[in-house]
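Novice: Based on what follows, work out the 3D shape:
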Amino acid sequence: MDILKVFLYILVYPGLLFLFVYSTFVEWVDRKLYAKFQNRMGPMHTGSHGLLQPIADFVKLMAKEDIVPESADKGLFNAVPVFALAAVLTSGLLLPVWHFTKGIESATSFQGDIIVMAYLLALPTFAYFLAGWTSTSMYAAIGGVRVLTLLFAYEVPMFLAILSPAVMAGSWRLADIAAYFQAHPLYMLFNLIGFGVGVIALQAKLERVPFDIPHAETEVVGGAFTEYSGRKLAMFRLLADVQMVVGAGFLSALFLGGFPGGLIPGFIWFVIKTLVIVFILSAMRAVTARIRIDQMVAFSWQYLAPLALLQLVIVIFIKGYMP
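Specialist: Numbering: from 1, shown residues only. The predicted structure follows:
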């Protein structure tokens, strides 16, 4: 029975099948919300209300010709999309949705899994840089450098923000942190600043408006993905969707009390909480315009990092007066 649970965990929920299906659904929700905010209809013609449009786009890209530039480092050029997608899919397995026991560590739930998950979610950024660098294209190289510049802007505030719930709960295990806030729901209010910083940093990590500087099509064509086509570009597109789902789930586990109740109730909570965060990300995308990279760096170091530090100080102060 334990082997069957592991099999289901890796391949079905929250593993490969679920992350693929749900990430395409989340992309559809994001596109519909973005369209509604702009008084448009969004996807309409593939499936009911365009529900299958993201899957159709994925299949179309998979069927297209896969071109590798003559001067590119072919081994690295081919490996980067697979490596990045594998990192994010692996991080999805660390989400505390089910198949874990409080007080008992396992391969997918252990002390320090919060750090491992943050590390795995950061790996695609390095993959984007390598994708641009190995393409030997001017536009791709500029896009890759912009990706790496953004990393140093948003990653520090993101790490500082995720420290706060861990310090308050007194644990580095996602399941324990979620359980702590389920037992003390009012304590979630003390982490509102950190949650806000985390959501903005996630938007930057996903390179969405207003932080889509690395692939600004009017400046650098497609950025790091300029030379990618066919199934490799399809993997990068899927990677962005999966990263949005896993990132939203990561913030939900840290700041919103996780996914209580076991398999079915936990699944429902996962969908509700991740969609709430996706709604915020879509609204942010719709009401803002692209900023310059120097503005993004200044914004991160002048506002996001100090706010994340303030959040940490507040939590340490409150923790000192807790019984």
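Novice: quick one, helices of the stretch 151-300 of the chain?
Specialist: In the stretch 151-300 of the chain, the helices defined using DSSP state H, counting those that start in this stretch lie at 174-183, 192-205, 217-220, 230-255, 263-287, 293-299.
Novice: other SSEs contacting the shortest one?
Specialist: With contacts defined as 3 or more C-beta pairs under 8 Å, 6 or more residues apart in numbering; DSSP states H and E, the secondary structure elements packing on helix 217-220 are helix 138-169. C-betas here are computed from N, CA, C, even on glycine.
Novice: can you state the direction angle for the helix it packs on and helix 174-183?
Specialist: 60 degrees (axes from the mean of the first three to the mean of the last three C-alpha atoms, to 10 degrees).
Novice: what angle separates helix 138-169 from helix 192-205?
Specialist: 160 degrees.
Novice: helices and strands of this protein: which one has the lowest mean pLDDT?
Specialist: Counting by mean pLDDT, DSSP states H and E, the weakest-scoring helix or strand in the chain turns out to be helix 217-220, with a mean of 80.
Novice: Which of the helices of the stretch 151-300 of the chain comes out lowest on mean pLDDT?
Specialist: The minimum mean pLDDT among the helices of the stretch 151-300 of the chain belongs to helix 217-220 (a mean of 80).
Novice: Just the buried residues of that one, please?
Specialist: V220 (16 or more other C-beta atoms under 10 Å).
Novice: Using PDB, write out every CA atom in it.
Specialist: What follows is helix 217-220, C-alpha atoms only, in PDB (Å, rounded to 0.1, in the frame of the first residue of the first chain):
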ATOM      1  CA  GLU A 217       9.500  41.600 -27.400                       C
ATOM      2  CA  THR A 218       9.900  45.200 -28.600                       C
ATOM      3  CA  GLU A 219      13.500  45.300 -27.300                       C
ATOM      4  CA  VAL A 220      15.000  41.800 -27.300                       C
END
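Novice: is it possible to export the helices of the stretch 151-300 of the chain to TSV including distance to F211?
Specialist: Conversion of the helices of the stretch 151-300 of the chain to TSV gives the following (distance: least, C-beta to C-beta, whole Å):
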stretch	distance to F211
helix 174-183	26
helix 192-205	4
helix 217-220	14
helix 230-255	13
helix 263-287	9
helix 293-299	6
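Novice: what's the closest of those to G144?
Specialist: helix 217-220 (9.7 Å; C-beta to C-beta).
Novice: And that closest one, how far out from the chain middle?
Specialist: Distance, stretch centre to chain centre, for helix 217-220: 24 Å (C-alpha atoms, centre = their mean, to the nearest Å).
Novice: residues in contact with it?
Specialist: Y139, A140, I142, G143, R146, P214, T226 (C-beta atoms under 8 Å, 6 or more residues apart in numbering).
Novice: pLDDT score for the closest residue to the fifth one other than its chain neighbours?
Specialist: Nearest residue to R146 in three dimensions, chain neighbours excluded: P214, at 4.1 Å (C-beta to C-beta, 6 or more residues apart in numbering). Here, the pLDDT recorded for P214 equals 87.
Novice: Burial check on I293, number of neighbours?
Specialist: Neighbouring residues of I293 were enumerated by other C-beta atoms under 10 Å; the total is 17.
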